[in-house]
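In: My questions concern the predicted model and sequence given below.
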Amino acid sequence: MNKFCCIVPFFLVVTSYLITPSLSDQTQDFISQICRTVSDPGFCFDQLNKNLPSPQTDLPGLTRLTTGLALAFARDTETFFQRVKEHEENAGLKKLYEFCESKYHSVVGFMQGANYDADRADFVSMVNLLQLCGPPVIECQTALGDIIYAVRSKNAHMRTFISMGLKEGTLL
């Protein structure tokens, strides 16, 4: 009986992997077109592939996925700055975190609009809003420099999400 309790979970994992549908050629092509144009293609491929709603997701679906992921990431980053600001004792750093929190508050607002526009298939308005997201992220990174790796990484990922959405919007 002991042997079977170990074999059954292994069999289930292998079986679920084998029957997982593969991406359609069109979806793979869209993802490749999008991700090869951004500064962090690995992050792009990872985010789209692991969050893909369907193996046959079309370009508008990828665009909605990207804006949704970008909005969630911007909210998380804004919350990150709120938390580190609350716990920071150095007045100078606290002020920088507050600055970045306000910049990400703007990004969240723009992303909410872009996400709404993507859901309505108004991709021109979506692109216009996404273009407004880049400057606040760059201003935050410029203010903080390379003080904290996590912040540099968050800003880089946010810029990648913005680039992904812009590329998708121009393809539509």
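Out: Nice, I can see it.

In: Give me the three-state assignment for residue 109.
Out: Under DSSP: H, G, I helix; E, B strand; the rest coil, the three-state class of residue 109 is helix.

In: likewise residue 55?
Out: Using three-state DSSP, the structure places residue 55 in coil.

In: count of neighbours near it?
Out: A count of nearby residues for residue 55, using other Cβ atoms under 10 Å, gives 12. For the C-beta atoms, the positions are set from N, CA and C on the backbone; glycine is no exception.

In: Over to residue 33?
Out: Residue 33 is flanked by 14 other residues according to other Cβ under 10 Å.

In: roughly how far apart are residue 22 and residue 28?
Out: 9 Å (Cβ to Cβ, to the nearest Å).

In: okay, the two: which has more neighbours?
Out: Per other Cβ under 10 Å, whichever of residue 22 and residue 28 has more neighbours is residue 28, with 13 against 8.

In: Which is the succeeding secondary structure element to the helix or strand harbouring the more buried one?
Out: Using DSSP states H and E, residue 28 sits in helix 25-35. Toward the C-terminal end, the helix or strand that comes next after helix 25-35 (DSSP H and E) is helix 41-51.

In: which residues touch residue 172?
Out: By Cβ atoms under 8 Å, 6 or more residues apart in numbering, the contact list for residue 172 reads 59-60, 63, 123.

In: what's the most distant pair in those?
Out: The most widely separated members of the contacts of residue 172 are 59 and 123, with 9.5 Å between them, by Cβ to Cβ.
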